[in-house]
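Asker: coords please:
(2 chains)
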Amino acid sequence: MLEAIELKKSYGSHEALKGLNLRVGAGDIYCLLGANGAGKTTTINLFLNFVTPTSGEARVNGIDANADPLQTKRYLAYIPEQVMLYGNLSGLENLEYFARLGGHDGYSADDYRGFLQRVGLQEDAAARRVKTYSKGMRQKVGVAIALAKQARALLLDEPTSGLDPKASNEFSELLLQLKGEGAAILMATHDLFRAKETGTRIGIMRSGRLVQELSTDEVSHADLERIYLEHMR
Amino acid sequence: MYRLIVSHETRLLARTGALWAILLLLVFAIGFAALAGGRSVTRQAKGAADAAAFEDGVRARMQADTEAYAARLAASGGTYEFATVDHVPGRGPPQGTNAGVVGAETAAYVVLPPTGLAALSIGQSDIQLRYLPASMGTTLDMVKNLEIENPVNLRTGPFDIAFVVIFLLPIFILALTYDLLSSEKERGTLAMILAHPVSLRELLASKIVARASVMLAVVMGLGLLALLGVGTQLDQVETWLRFGLWLLATLLYSLFWFLLAVLVNVHGRSSATNGIMLAGTWLILVVIVPTLVSLLATTLYPAPSRMDLIVAAREAQTAGEKGMGDALDRFYAEHLDQLPAGDQRAMDFLTLSQANAASIEKALLPLYQQFREQALHQEALVQRFQYLSPAIMMQLALNEASGTSTARYQDFLDQAYRFRGEWNDYFASRFLARSPLRPEDYDRFPRFEYVPEPAAAVMARLAGPLAGLLLLCIGMALLPLRQLRRYQVAAR
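Answerer: From the prediction side, this is the model:
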């Protein structure tokens, strides 16, 4: 579903990504680990066509994101570190706007309420203006947008950083549900524990290169931490 | 997709205080300007009507006198005669039989009728009198109440709706658009939107449409209300045509400011930087350039001083009086009414004073010519330099559409001067022939009939500024396209 082929991105003389090859299939949760500046966010931005690749391709459903971004964005959902919404609109209104931006006009008011219920947003909060929301609540609306969009691939950029353990756990549960529905998920994260718990595969990045890929069922928590720290040395 | 974003933007705007504050200010400004414009139009109309009624009243009394005189003669016999200046009221022929007296002491008012839109753009009409007295005597008498020397600030008019549109509307537009993209980027919603199948171009266009439709609906609605408020008859095709042109100019001018905000926003700078850049551009285009152009016009082609006119008139008068010879003649030249009755000299002096006026008029002619030429030069220069600033183009277009342009006024002055000539010829010829005015002559006095300019002439003058604004908008719409492709959605 998501595929990076010899993906390179330079900013002036600085090479942020040095030939990345990566595949995320349906039902995969691929966790990108690595220090800040390793190229995780750049990779996600390339799939979203927020930045243009220097060379190589970022493919979504087999289509080059840089060649036909309006088509690839039909399949994508994006949940950044901070899901930013319109503070003067309610959660429901935000959800409706983004769902319709994604091309889904057919939902009823009940459908929208259903999405928010599914992600665990309290009912009274749905009609409140978003400026009163906590970060956890906004991340939930982000997932609801992905649900409404029926996204086949999710790009998550450190979505759980700063969430309390309970909210973080709820978020992981939602990801597992989406995975069960066949979504391909690419998530940049610093959270080794969550990566091991929810991820199916893990890629460790360092200075723009993917230095190791592993399956989560092959390693224990302790092994993962040891391997990660070895690469960071 | 466009409709979705437009309605979303409209909803967001409706929920922020900024839009309501701006609309409230706009309503206040236009309301105040409409009042000022309406007052100016009604004041001029009332002035013209009062002045004309007064003169007509004087002439009606003179006509009644001649009728009574004719009736008296019909009863008692005798010839209908010409009143000399030294006549005694109640005896002999009344003053109204003397063409010189009627022609010189009463005036016919020439009036430039306002167009239906005059209240929208007062233009220079507060210094360009719309009604002038035509009588014998000189042209100086006709325009002595007129401020011929345009004040330095030729281009900044009074507080009318045109002023609100030219000066304030851009500020309101920029207040709503200076952070068109930068606010979304700073808020973080831009990345959320662009993760969906929406292009930046669609997003920008929809945002502009949402804001422009709100602003223009308000301006158009209030403009129409202002017209109704000053009692404009809306049943004339010409009024609608002019209002259409007025709206077209306003639309193009607003579009320019919206597009300017887009142009500044696509470079991805912060909202604060965008705001400062846009405010600076407003200052340059709306205040500085028009002032400089006006200064250039009045410096390169200064109008002759008003003093020169008065001095020239005095010199011509003195020269005329010198020709009269001895002291007695000079005395009577100044005190015609004290001439002894039946003196042949009384008649001669009347002729002389008529000749005197003619020679003063002749001496003044080149000065008038100079005024006219300098005014035309100034106007031509402003026309040429208008393309430097949309504000100048807009002022010219609005004045033209409202019928308060310099060109229309010059055309009116030409007609007024021609009519004064006609009036003078009519009375002078009868007076010099000592042919008495009869009651029925009063109905045959020359009448001023304003001949409107052909529509083609108005359109031709409007073509320049309108085409300029249109081309400017097309250029402004194309400029950001390249930059838009390089717009950085995400920080590195």
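Asker: C-alpha from now on. contacts and neighbour counts both.
Answerer: Noted.
Asker: Just the CA trace of stretch B:190-209, in PDB.
Answerer: What follows is stretch B:190-209, C-alpha atoms only, in PDB (Å, rounded to 0.1, in the frame of the first residue of the first chain):
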ATOM      1  CA  LEU B 190      -3.100  23.700   6.500                       C
ATOM      2  CA  ALA B 191      -1.400  20.300   6.800                       C
ATOM      3  CA  MET B 192      -4.600  18.800   7.900                       C
ATOM      4  CA  ILE B 193      -6.500  20.200   4.800                       C
ATOM      5  CA  LEU B 194      -3.800  19.400   2.300                       C
ATOM      6  CA  ALA B 195      -3.600  15.800   3.500                       C
ATOM      7  CA  HIS B 196      -7.000  15.600   1.600                       C
ATOM      8  CA  PRO B 197      -7.400  15.700  -2.100                       C
ATOM      9  CA  VAL B 198      -7.500  19.600  -2.300                       C
ATOM     10  CA  SER B 199      -5.000  21.700  -4.200                       C
ATOM     11  CA  LEU B 200      -3.600  24.900  -2.700                       C
ATOM     12  CA  ARG B 201      -5.000  26.800  -5.700                       C
ATOM     13  CA  GLU B 202      -8.500  25.500  -4.900                       C
ATOM     14  CA  LEU B 203      -8.100  26.400  -1.300                       C
ATOM     15  CA  LEU B 204      -6.900  29.900  -2.000                       C
ATOM     16  CA  ALA B 205      -9.600  30.600  -4.700                       C
ATOM     17  CA  SER B 206     -12.400  29.400  -2.300                       C
ATOM     18  CA  LYS B 207     -11.100  31.500   0.500                       C
ATOM     19  CA  ILE B 208     -11.100  34.600  -1.700                       C
ATOM     20  CA  VAL B 209     -14.500  33.900  -3.000                       C
END
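Asker: now check that stretch, is it near chain A?
Answerer: Yes. Contact of stretch B:190-209 with chain A (CA under 8 Å from any CA of the partner chain) involves B:192-193, B:195-199.
Asker: Could you identify the helix or strand that succeeds the helix or strand hosting residue B:351?
Answerer: Taking DSSP states H and E as the criterion, residue B:351 maps to helix B:344-385. Using DSSP H and E, the next helix or strand after helix B:344-385 towards the C-terminus is helix B:390-402.
Asker: rewinding a little: just the buried ones out of the residues of stretch B:190-209 next to chain A, please.
Answerer: B:192-193, B:195-198 (16 or more other CA atoms under 10 Å in any protein chain shown).
Asker: can you redo the residues you listed as JSON lines with secondary structure and pLDDT?
Answerer: Formatted as JSON lines, those follow (DSSP: H, G, I helix; E, B strand; the rest coil; pLDDT from 0 to 100):
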{"residue": "B:192", "secondary structure": "helix", "pLDDT": "92"}
{"residue": "B:193", "secondary structure": "helix", "pLDDT": "93"}
{"residue": "B:195", "secondary structure": "coil", "pLDDT": "93"}
{"residue": "B:196", "secondary structure": "coil", "pLDDT": "93"}
{"residue": "B:197", "secondary structure": "coil", "pLDDT": "92"}
{"residue": "B:198", "secondary structure": "coil", "pLDDT": "92"}
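Asker: now, among these, which is nearest to chain A?
Answerer: Nearest to chain A among these, counting by CA to the nearest CA, is residue B:197 at 4.5 Å.
Asker: Average pLDDT for the top helix by length along chain A, rounded please.
Answerer: Longest helix of chain A, by residue count under DSSP state H: helix A:165-180. Taken as a whole, helix A:165-180 has a mean pLDDT of 89.
Asker: Once you drop chain neighbours, what's closest to residue 15?
Answerer: I went with chain A, as the question did not name one. residue A:9 (6.1 Å; CA to CA, 6 or more residues apart in numbering or on different chains).
Asker: Sorry, I should have been clearer: chain B.
Answerer: residue A:88 (6.7 Å).
Asker: and the one you found, helix, strand or coil?
Answerer: coil (DSSP: H, G, I helix; E, B strand; the rest coil).
Asker: show me where pLDDT drops low in the stretch 351-492 of chain B?
Answerer: B:491-492 (pLDDT under 70).
Asker: ok and the residue in it nearest chain A?
Answerer: For the stretch 351-492 of chain B, CA to the nearest CA, closest residue to chain A: residue B:489, 5.5 Å.
Asker: Write out the residues of chain A neighbouring chain B.
Answerer: A:42, A:45, A:48, A:50-51, A:69-74, A:76-78, A:83-86, A:88-89, A:97-98, A:100-103.
Asker: Neighbours of the residue of chain A found nearest chain B, how many?
Answerer: Closest residue of chain A to chain B, CA to the nearest CA: residue A:70 (4.5 Å). By other CA atoms under 10 Å in any protein chain shown, the residues close to residue A:70 number 18.
Asker: Repeat that for the one 4 residues further on.
Answerer: The number of residues packed around residue A:74, counting by other CA under 10 Å, is 21.
Asker: Leaving out the residues flanking it, which one is nearest to it?
Answerer: residue B:197 (5.8 Å).
Asker: for that neighbour, what are its contacts?
Answerer: A:69-74, A:101-103 (CA atoms under 8 Å, 6 or more residues apart in numbering or on different chains).
Asker: Secondary structure and pLDDT for those - can I get that in TSV?
Answerer: Shown next, in TSV, are the contacts of residue B:197 (three-state DSSP; pLDDT from 0 to 100):
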residue	secondary structure	pLDDT
A:69	helix	91
A:70	helix	91
A:71	helix	91
A:72	helix	92
A:73	coil	93
A:74	coil	91
A:101	helix	92
A:102	coil	90
A:103	coil	88
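Asker: and of the residues you listed, the nearest to residue B:430?
Answerer: Nearest to residue B:430 among the contacts of residue B:197 is residue A:101, at 85.7 Å by CA to CA.
Asker: related to what we said a few turns ago, give me the beta-bridge partners of the residue nearest to residue A:15?
Answerer: For residue A:9, the beta-bridge partners are residue A:17 (DSSP bridges).
Asker: OK, contacts around it?
Answerer: Residue A:9 touches A:15-18, A:42, A:52-55, counting by CA under 8 Å, 6+ apart.
Asker: Shouldn't residue B:173 be within a helix?
Answerer: Yes. According to three-state DSSP, residue B:173 belongs to a helix.
Asker: Need the three-state assignment for residue B:25.
Answerer: helix.
Asker: Skip the chain neighbours and tell me the closest residue to the residue nearest the centre of chain B.
Answerer: Centroid-nearest residue in chain B, with CA atoms, centre = their mean: residue B:404, separated by 2.9 Å. Spatial nearest neighbour of residue B:404, excluding adjacent residues (CA to CA, 6+ apart): residue B:123 at 5.5 Å.
Asker: And that neighbour, how close does it get to residue B:6?
Answerer: 37 Å (CA to CA, to the nearest Å).
Asker: Could you double-check that residue B:432 lies in contact with residue B:351?
Answerer: Yes. Taking CA atoms under 8 Å as the definition, residue B:432 is a contact partner of residue B:351 at 6.6 Å.
Asker: Flag every residue of chain B that's near chain A.
Answerer: B:1, B:4, B:8, B:12, B:15-16, B:187-189, B:192-193, B:195-199, B:488-490, B:492.
Asker: list the helices and strands the one helix or strand residue B:311 maps to packs on?
Answerer: Element membership of residue B:311, judged by DSSP H and E, is helix B:306-322. Here helix B:306-322 touches helix B:344-385, going by 3 or more CA pairs under 8 Å, 6 or more residues apart in numbering or on different chains; DSSP states H and E.
Asker: Just want the angle from the helix it packs on to helix B:390-402.
Answerer: Put simply, helix B:344-385 runs at 130 degrees to helix B:390-402, going by axes from the mean of the first three to the mean of the last three CA atoms, to 10 degrees.
Asker: hang on, residue A:59 is in a helix, isn't it?
Answerer: No. Applying three-state DSSP, one finds residue A:59 to be strand, outside a helix.
Asker: I'd assumed residue A:47 was in contact with it.
Answerer: Yes. Contact between residue A:59 and residue A:47 holds when scored by CA under 8 Å: they sit 7.1 Å apart.
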